[in-house]
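1. Fold the following and give me the result.
(2 chains)
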Amino acid sequence: MTTGALIYATDGDIAYTDIARECARRVERYLRIPTTIVEGNTAVTGKRSWADCESPVEWRNSGRCNALMDTPYDRTLLLDADYWVSSDILRTALSSNASFLAHNTRMYINEREPKTETFGTLKTPMWWATVCVFDRSEYTNDVFEAWQMIENNYSHYANLFHFTKKPFRNDYALSLALLLVNGGVMPKECIPWPLINVPDSSNFEYSDKWTLSYDVYENKDLKPKRITVKDQDLHIMGKRNLEKLLELH
Amino acid sequence: MMDTDKLVEKIRKRFDHVQAKRVLQEKYQAKMMFAYSGGMWCAGPELITQCNLCLAQGYSEPVLTDIHNNPVKVDAEELKNQSLQRWQEQLNAWYAELESIKRER
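-> Residues are numbered from 1 along each chain as shown, chains lettered A, B, ... in the order given. Prediction:
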């Protein structure tokens, strides 16, 4: 059985292919599996505002639903290029027999505890498309077929589940696909630890460990704080932060 | 030459010990997870006790439910050893890292 990672990257306002190459290097170093980088669809699916940018950034993130077709591996780790691998923790998910795994909890580095995010006015629970592990089972095939159908009819599902049509969010499409193929209930199998997010409002420095800075309210005053983390996988958000990643190597 | 502006900025950003401890906890709780016999398990006293109970009653290859509630046939001795080893390794690493961040200012 072959195991490997698949990373989608499309250049636009952010040089994602460069970030993907760095991501691939880290996957090979920490997880010791081969990586395939796929150039994603160049269609602009909307604009996204980041706290660290004055103007919204063009968003090109469609086509991720083709991952099952695009992967050359039997068991695949589908990663967003902005997921910074710094440990071998994902080997646990790759070694399990679960057909499809993704995060359904997240914790921002300045938050008290992990949470399940919801989207839309119906507060549908969100599964993150940032990291997915899947095999070639019938169940996985159903998930990707549903993901593709939802992407192709995104406006319809946005109306149905009361969320904004733009920008297109793979997290929403994946969440609805999982809901659909599980008969209206969310699956129990997930990556059993939270996705650790570095928000676009925070800043970081990197040497042998990460120094993450952020502002928190303390007695009604906004105070700058920092923490350090080491050997910790991180999901880096924000254009400026992503550009900084490229300067690291 | 020392950049005093940078130094002042660094001093102002106080180290957030409470938050660093929280993030560390998430990191090591995640590291307690491991795959065995196709299932996913959380290393710790509960799993070790389950394995010990099975072994004490003569069930060397019991069926146990993993963290996703899937029944998995396991070798109780091997699962216990893996769980014990991971639990202690990660607790030691957690302890060492916590001690090192306690010194941060």
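
2. Quick one: end-to-end length of stretch B:30-46, please.
-> End-to-end distance of stretch B:30-46: 16 Å, with Cα to Cα, to the nearest Å as the criterion.

3. and if you look at stretch A:177-190?
-> Criterion Cα to Cα; first-to-last residue distance in stretch A:177-190 is 14 Å.

4. for the chain, which spans come out with low pLDDT?
-> The chain I'm using is chain A. Flagging of chain A using pLDDT under 70 yields the residue ranges A:42, A:44-54, A:57-60, A:248-249.

5. that's the other chain; I wanted chain B
-> Segments of chain B classed as low confidence (criterion: pLDDT under 70) are B:1-2, B:6-12.

6. Name the residues of it found near chain A, please.
-> Contact residues (Cβ under 8 Å from any Cβ of the partner chain) of chain B with chain A: B:12-16, B:19-20, B:22-24, B:26-27, B:29-31, B:33-35, B:38-40, B:42, B:67-69, B:97, B:101, B:104. In short, each C-beta sits where N, CA and C put it, glycine included.

7. Could you find the closest non-adjacent residue to the spatially most central residue of chain A?
-> A centroid search over chain A (Cα atoms, centre = their mean) returns residue A:130, at 1.6 Å, as the residue closest to the centre. The spatial neighbour of residue A:130 that comes closest, neighbours along the chain excluded (Cβ to Cβ, 6 or more residues apart in numbering or on different chains), is residue A:80 at 4.5 Å.

8. Can you list phi and psi of that neighbour for me?
-> Dihedral pair for residue A:80: phi -80, psi 140, per degrees, to the nearest 10.

9. Double-check the residue nearest to the centre of chain A against residue A:81; I have them as touching.
-> No. Checked against Cβ atoms under 8 Å, the pair residue A:130 and residue A:81 is beyond contact range at 10.0 Å.

10. hang on, the earlier thing: so which of the residues of chain B next to chain A belong to strands?
-> Among these, the members falling in strands (DSSP state E) are B:14-15, B:33-35, B:39-40, B:42.

11. Restricted to buried residues, select these in ChimeraX.
-> To isolate the buried subset of these in ChimeraX, counting by 16 or more other Cβ atoms under 10 Å in any protein chain shown, use the following:
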select /B:15,33,34,35,39,40,42
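
12. Can you name every helix or strand that whichever strand or helix holds residue A:246 contacts?
-> Using DSSP states H and E, residue A:246 sits in helix A:239-247. Helix A:239-247 is packed against helix A:16-30, strand A:203-206, with contacts defined by 3 or more Cβ pairs under 8 Å, 6 or more residues apart in numbering or on different chains; DSSP states H and E.

13. Spatially nearest residue to residue B:91 (excluding sequence neighbours)?
-> Distance criterion Cβ to Cβ, 6+ apart; nearest residue to residue B:91, sequence neighbours excluded, is residue B:28 at 7.6 Å.
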